[in-house]
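K.L.:
what's the 3D shape of this:
(3 chains)
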Amino acid sequence: MPEPAGPVLEVTGLRKEYGDLVAVDDVSFSVPEGGSLAIVGESGSGKTTVARMIVGLERPTAGRIIACGADRSRPARSAADRRRRGREVQIVFQDPYTSLDPRQTAEQALGEVIRLHHRWPAQRCRERVAELTGLVGLDERQARAVPRALSGGQRQRVAIARALAAEPRLLILDESVAALDVSIQAQVLNLLADIRDATGVSYILISHDLAVVRQLTDEAIVMRRGQVVERGATARVLDHPEHPYTQRLRASVPRPGWKPVRRGLAGGEEAISA
Amino acid sequence: MTGAGQAAPPAEARPPGAGRLLEVERLTVRLRVEGVRRAVLRDVSLAIAPGEAVGLVGESGSGKSMTARAIGRLLPDGAQAEGTIRFHGQDVAALSGSDLRRYRSQVALIFQDPRAHTNPVRRIGDFMTEALRTNLGVPPGEAARRAVDMLAQVGIDDGARRLRQYPHQLSGGLLQRVMIATALLTEPRLLLADEPTTALDVTTQAEVMAILDELRRELHLGMLFITHDLELAAAICDRTAVMYAGQIVEVRSSAMLHSDPLHPYTAALAGARPDISRTAARLRAIPGRPLSAFEAPDDQCAFAPRCAHAQDACWEAAPDLVELDGGVSRCRRAATLRGRLAAGPEAAEPETAEPEAADA
Amino acid sequence: MSTAALMPDQAGTTWRERLRGPGGRGVLGRLQSTGPAGIASACVIAVATFAAVFGTLLAPYNPVLANLSLAWVGPTGGHLLGYDVEGRDVLSRLLAGAPTSMLGPLAVVVLSMTAGTLLAIAAAWRRGAVDAVISSGLDIVFAFPGILLAVLATAVFGAGLPAATIALSIAYTPYVARVLRGAALKERSQAYVAALEVQGVSAPRICLRHIVPNMLPLIIAQATIMFGWAMVDLAAISFLGLGVQPPSPNWGVMISENQAGIMQGYPLPALTAGICIVVVVVAFNVLGERLLAEAGQ
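P.N.:
Numbering: from 1, shown residues only, chains lettered A, B, ... in the order given. So this is what the prediction gives:
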């Protein structure tokens, strides 16, 4: 089969309704092969819903999703289909404490995924597991430990390794570093950059943290209340935001010399919690 | 410098001027974890002057939340505490009965997750006025009036309607404003804010922080502001203390914290954050992972294994606090490294080219 | 370089430590954390299980052969508990009755836990309409008390342990499903399940190899408690004459047969059978409740 030359992911007119609530409204974007796109937004922006639709955990109300040249607009119907799609797009979730099966060691979790996608002899599987744990910087003790014995940063590394075990072309990082300590976050961000250099995988980074977005992505779209309000190169969007919401977002980020300014938002601005 | 033993904490750990609002001296707290007694705070000393805001910054296991709990007399059962905490000169640990209740109305706590600290089946009004009615004997009508006034101060204009609502009808940001208003109703002298904005969106955070800062200054309240975000603490606090492995490792005026840090950990922490205005080729990550107090050894510097500037002396004995330029540092090399930390580890020592392994 | 404190996964190498498991999560470890009450109960259960397995071999005298001339004779040398209404050695009958008294409940627990777990998982996995249908169906069955169903079953299929056992299993299934459904829903909503779905792992595999094992502490605790209930219910059914038929030894049957003796001044046969039931049931209840408390953490 010839390699698709187009973008690794193309999303057009994506929409998701929950009854009367429109969570995602006419969202379109594309990710080039080897590229890195950020979806920036706060709670209620719909960014996580978009991610879940891309990996098939939610059914879009309307719109098209084309991943690696194939139409993925509807969730998979069979396990075999999901397996195929798993080799195209994978996801790493935010919470390191629930994203691993508490009863499995890292080696077992990785082994399970590898055996799912390949019919390799045991020795080859073991080698691949070792490759993956090495790629994410886990040593032998950590690879043989259950999640309880691992720190948040180590667990995220296991989650990243598990996602990479399927050799996806696109990796979605749904706030994957948000729950980590600052010093650990820096390690994992460096790791993600290294992985991208080493394997050529594309990223979609979902985050509310603009500094992280700057560090890891080339392009960005900003979402608010289900709609894309701004898009462009990450550097341009962050340095010269055009939309008032993006400007407000930028101005709210603490940095040396920053002082919070009261804007008199009476709370009518904030939606009632879901 | 300052010898071991029962010496008072260095002068610069205390703010200038007399009449301290809060004084924490050599606080050490041990908890039973899975049957073993472990230290979660080691020799913590801190002071807050009336009307002064002090930030307390640290990562997981640094002990910052435990410090707030100790001050608020909310340590878990079975906790063993040494050292003293004095509020307006009174020993907090010795308070009981009506004295303790009065202390609680003077020291208000604001927590990270407002939903975990509100009763979902009671109305906002009940919750807000409870302390006023029960502890201070204020009649219900008057208490409600004060609550509505305070809600207006935090930017909630339809206070009377909000009083009748239930917590689930308010968003996280609104509820946190309600918590702040509630905390201020008993006219406290000291606010203990434990990561009050961590669970909020960044735009909501900015608004809530602005409200907190403005009201605090207006009412001349002292505040201990706990967070993992160095820049956030520096934004509204006069001085900032940095904790690592259950100890204070630096106290510094916020303005100087970034430009002239006194401890390698502070500099490393600031340097590890990505910069919103540029993409670095590689982030300056700190190798290893943050230690908790009970993991840290007593006979060497707790940060030495991860420190780019550690030398032999750092491994031989635990460092004491030293005073330097109006601040305090728990680094025996502080004087030598002074002025060179902010530029990054390369400035002080040649960088070792080592592949980055996962935190050990 | 000083390293972190001993990590929970560094278990020791002696067999005792291995059973204790990493972080005290192995079999012995969990037992130890149930406290003295739990350990005592476990010992009682162990004794009862031993009697259930070897009971018929251990009985010193023939438990079935009647000898009316010895009826109601009190404890004498060699007959520690005396004779029952038909002149049989009480101790032998108790020991010989242990197998059926314990086996019936075991069957009920195995059947109802299996059915209940499968229904709970199905409801939790599919959610929506499937969950609603299963829950409603279970609620209907739940409305029938177990004993009533057992009486109906024996009326239709004839008295005896099989009919009563199956009827009770059906009666218990909705309860099991209801208790486990909550835990199954919680596991289902964890991020690792979503990650496995995205990987393309099949739904049955996720349910059986990931969700159920993570519910195991709760399942075991629930099974333990239910064993006690099943025992009481089956004893009651046998007491009513609908379960194990005399002269087969069974604790419930023994109470029924010997109840006249209580009023006539020969309480030992009926009383000892009753005490056996109560002690074993209490042991299962206590251990089950302790395990449930541990599972809740």
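K.L.:
Spell out, range by range, the helices that occur in chain A.
P.N.:
Using DSSP state H, the helices of chain A run over residues A:47-54, A:79-86, A:106-117, A:122-135, A:140-143, A:152-165, A:182-199, A:210-216, A:234-239, A:244-251.
K.L.:
I'd like the secondary structure assignment at residue B:282, please.
P.N.:
What DSSP: H, G, I helix; E, B strand; the rest coil gives for residue B:282 is coil.
K.L.:
and the nearest residue to it once chain neighbours are set aside, how many neighbours?
P.N.:
Spatial nearest neighbour of residue B:282, chain neighbours left out: residue A:190 (5.8 Å); criterion: CB to CB, 6 or more residues apart in numbering or on different chains. Every residue, glycine included, has its C-beta placed from N, CA and C. Neighbourhood size, residue A:190 [other CB atoms under 10 Å in any protein chain shown]: 20.
K.L.:
got it, and residue C:43?
P.N.:
Neighbours of residue C:43 under the rule other CB under 10 Å: 12.
K.L.:
So it, which state does it fall into?
P.N.:
Recorded secondary structure, residue C:43: helix (three-state DSSP).
K.L.:
Which strand or helix spans residue B:233?
P.N.:
Assigned by DSSP states H and E, residue B:233 falls within helix B:230-236.
K.L.:
what element comes up after that helix heading to the C-terminus?
P.N.:
Moving toward the C-terminus from helix B:230-236, the next helix or strand (DSSP H and E) is strand B:239-244.
K.L.:
Give me the residues contacting that following strand.
P.N.:
Residues from elsewhere that reach strand B:239-244 (CB atoms under 8 Å, 6 or more residues apart in numbering or on different chains): B:15, B:44, B:46, B:52-59, B:62-64, B:67, B:230, B:233-234, B:248-254, B:257, B:263, B:265-266, B:269, B:290-291, B:302-303.
K.L.:
Keep only those that also lie close to chain A.
P.N.:
Contacts with chain A within those, as defined by CB under 8 Å from any CB of the partner chain: B:59, B:230, B:234, B:269, B:290.
K.L.:
Farthest-apart pair in those, please.
P.N.:
In those, two members sit farther apart than any others by CB to CB. They are B:234 and B:290, at 19.7 Å.
K.L.:
Those two: which has the busier surroundings?
P.N.:
Between residue B:234 and residue B:290, residue B:234 has the larger neighbour count (other CB under 10 Å), namely 28 against 25.
K.L.:
The more buried one contacts residue B:254, doesn't it?
P.N.:
Yes: with contact defined as CB atoms under 8 Å, residue B:234 and residue B:254 form a contacting pair (4.2 Å).
K.L.:
between these two, what contacts are shared?
P.N.:
Here residue B:234 and residue B:254 share the contacting residues B:55, B:240, scored by CB under 8 Å, 6+ apart.
K.L.:
Just the buried positions in the lengthiest helix in chain B, please.
P.N.:
Secondary structure of chain B per DSSP H: the longest helix is helix B:202-219. Residues of helix B:202-219 classed as buried: B:202-216 (neighbour count, 16 or more other CB atoms under 10 Å in any protein chain shown).
K.L.:
what does stretch C:242-257 give?
P.N.:
The neighbour-count check on stretch C:242-257 (16+ other CB under 10 Å) flags C:242-244, C:248-257 as buried.
K.L.:
quick one: which of those sit in helices?
P.N.:
Under the assignment DSSP H, the buried residues of stretch C:242-257 contribute C:251-257 to helices.
K.L.:
moving C-terminal of the helix or strand residue C:47 falls within, what's the next helix or strand?
P.N.:
In this structure, residue C:47 sits in helix C:35-58 according to DSSP H and E. The element immediately downstream of helix C:35-58 (helix or strand, assigned by DSSP H and E) is helix C:90-126.
K.L.:
Tell me the gap between that following helix and the middle of its chain.
P.N.:
With CA atoms, centre = their mean, to the nearest Å as the basis, helix C:90-126 stands 6 Å off its chain's centre.
K.L.:
list the contacts for the residue lying closest to residue A:128 once chain neighbours are set aside?
P.N.:
Nearest non-adjacent residue to residue A:128, counting by CB to CB, 6+ apart: residue A:114, 5.4 Å away. Residues counted as contacts of residue A:114 (CB under 8 Å, 6+ apart) are A:120, A:125, A:128-129, A:165.
K.L.:
got the residues of the stretch 251-360 of chain B near chain A?
P.N.:
Going by CB under 8 Å from any CB, the residues of the stretch 251-360 of chain B near chain A are B:258-259, B:268-269, B:272-280, B:282-287, B:289-290, B:356-359.
K.L.:
Filter the residues you listed down to the ones in helices?
P.N.:
Per DSSP H, those map to helices at B:258-259, B:268-269, B:272.
K.L.:
May I ask which two of those residues are separated the most?
P.N.:
B:259 and B:272 (17.1 Å).
K.L.:
From chain A, how far out is the residue lying farthest from the centre of chain B?
P.N.:
Largest separation from the mean C-alpha position in chain B: residue B:141, at 35.6 Å (CA atoms, centre = their mean). Separation of residue B:141 from chain A (CB to the nearest CB, to the nearest Å): 25 Å.
K.L.:
Please consider this matter closed, and thank you.
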